[in-house]
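[1] what's the 3D shape of this:
(one chain, ligands or ions: 1)
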Amino acid sequence: MKAIRYHEVGGPEVLRLDDVPEPTPGPGEVRIRVKAAGVNFADTERRRGLYDAKSPLPRILGSEAAGVVDMVGPGADAQWVGRRVVALALQSYAEFATTSEQELLELPEHVSFEEAAGLLVQGLTAWHLIHTSAQLRPGQRVLIHAAAGGVGLLAIQLAKQTGATVLGTVSTEGKARLAREAGADDVFVYGGASSVAEWVRKLTDGSGVEVVLDSVGASTWESSLESLAPFGHLVAYGSASGHPPLVDVEALYARSLKISAYWLRTPHPPALQRRAREALGQALGKGQLRVTLGLVVGLGEAVRAHQQLESRATVGKVVLRVP
Ligand SMILES: NC(=O)c1ccc[n+]([C@@H]2O[C@H](COP(=O)([O-])OP(=O)(O)OC[C@H]3O[C@@H](n4cnc5c(N)ncnc54)[C@H](OP(=O)(O)O)[C@@H]3O)[C@@H](O)[C@H]2O)c1
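    Sure thing, here's the model as predicted:
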């Protein structure tokens, strides 16, 4: 089969379209004929060697796939064969990928493979940020950085559905428009006169926000802390601009602030993960959650997809369409 592999860590150019053997599903697993593979910022970090650095190379990239089950392994339910599904599945930049039967979410006919490929990694992350980590409540205010990104646009929608007020930061006017369309109440575009924290204080009568979701790291960290109200909560979940500084606990006392981290690969209680997956699947199926497809390219164009994602040129979800 065709698959995108990296033979060495480095820039987007290390990605290659290779011919590799098709995978076979193991016990309890299924094989998916991939139609669309989601591209995530973490894939660019993995390719650069910042993530899973000990995995042997060459390695196929990817972490989620939408497609049709074409084979089941020992012990897996044969009724999955032929069904349209989406799942967390490693090494999904390929024509076929395997995953545990437990990971499968069946797709309604009207949901496209491309949309579905934008649902799981970013949707589960957004869902857990809002519901599991921040436990956002009606009337609270949340600041979301990279608000027009894949996680950002989904987090805005989920936060609005809880009854929160949503503020976002982005780097361009075009991204601001998308964040507003997703439901953000106000959006800060970098490059203006005021700082993010000044802007937040102005919009919140000087008090600050109860929650900040920060995936940018180094360049946003200080403004995230400054934007918090007393007892506010900063949830860190990425470092697109580099790692944030070490936490100075002494600096948190004056406003009794809280900092936590969220990682999708932390083992989650199975019932919680099932609830999150089902909630997302239902919301997408009923049209209550919209996946914005910012860039859809063929499998062979993975280099371009990574270049665009890393240079902040994308909005919403980046997807590789597999012929
Ligand atoms: N913890 C977890 O389990 C988990 C799971 C999924 C994703 N993540 C993290 O969440 C973040 C969002 O992921 P995503 O896939 O949805 O990506 P994304 O938000 O679509 O893309 C990254 C965005 O980060 C912003 N950014 C700010 N400074 C940047 C810089 N120096 N270089 C590149 N981008 C920069 C850009 O938005 P602006 O130009 O508007 O600032 C850019 O569009 C990533 O940091 C990712 O690693 C974490």
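
[2] Close to the ligand: what parts of this structure are there?
    Counting by CB under 6 Å from any ligand atom, the positions of the chain adjacent to the ligand are 40-42, 121-122, 125, 146, 148-152, 170-171, 175, 215-216, 219, 237-238, 240-241, 262-264, 309-310, 312, 314. C-beta: built from backbone N, CA, C; applies to glycine.

[3] Selecting buried members of those residues in PyMOL, what would you type?
    Remark: buried members of those, expressed as a PyMOL selection using 16 or more other CB atoms under 10 Å:
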select buried, resi 40+41+42+121+122+125+146+148+149+150+151+152+170+175+215+216+237+238+240+241+262+264+309+310+312+314
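
[4] Output the below-cut-off pLDDT ranges for the stretch 201-323 of the chain.
    Residues of the stretch 201-323 of the chain meeting the criterion pLDDT under 70: none.

[5] can you give me the strands in it?
    For the stretch 201-323 of the chain, strands defined by DSSP state E, counting those that start in this stretch occupy the ranges 209-214, 228-236, 258-261, 293-298, 317-321.

[6] Next, the buried residues of the longest one.
    Okay, so that is strand 228-236. Of all the residues in strand 228-236, those buried under the rule 16+ other CB under 10 Å are 228, 229, 232, 233, 234, 235, 236.

[7] which of those sit farthest apart?
    229 and 236 (17.7 Å; CB to CB).

[8] Can you give me every residue that contacts the residue in the chain that the ligand sits nearest to?
    In the chain, the residue that lies nearest the ligand is residue 149 (2.0 Å; CB to the nearest ligand atom). Residue 149 sits next to 41, 215, 314, 315, 316 when contact means CB atoms under 8 Å, 6 or more residues apart in numbering.

[9] Tell me how far the second one lies from residue 183.
    Just to be clear, that refers to residue 215. In this view, residue 215 and residue 183 are 18 Å apart by CB to CB, to the nearest Å.

[10] List the contacts of the residue of the chain most remote from its centre.
    Most distant from the centre of the chain: residue 254, at 32.6 Å, with distances by CA atoms, centre = their mean. Counting by CB under 8 Å, 6+ apart, residue 254 makes contact with nothing.

[11] Repeat that for residue 226.
    195, 196, 197, 208.

[12] can I get those residues in JSON lines with neighbour count and secondary structure?
    Output for the contacts of residue 226, formatted as JSON lines (neighbours: other CB atoms under 10 Å; DSSP: H, G, I helix; E, B strand; the rest coil):
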{"residue": "195", "neighbour count": "15", "secondary structure": "coil"}
{"residue": "196", "neighbour count": "21", "secondary structure": "helix"}
{"residue": "197", "neighbour count": "17", "secondary structure": "helix"}
{"residue": "208", "neighbour count": "22", "secondary structure": "coil"}
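
[13] Tell me where the chain has helices.
    Here the chain has its helices, by DSSP state H, at 41-47, 113-116, 120-127, 150-161, 173-182, 196-203, 221-226, 270-285, 302-310.
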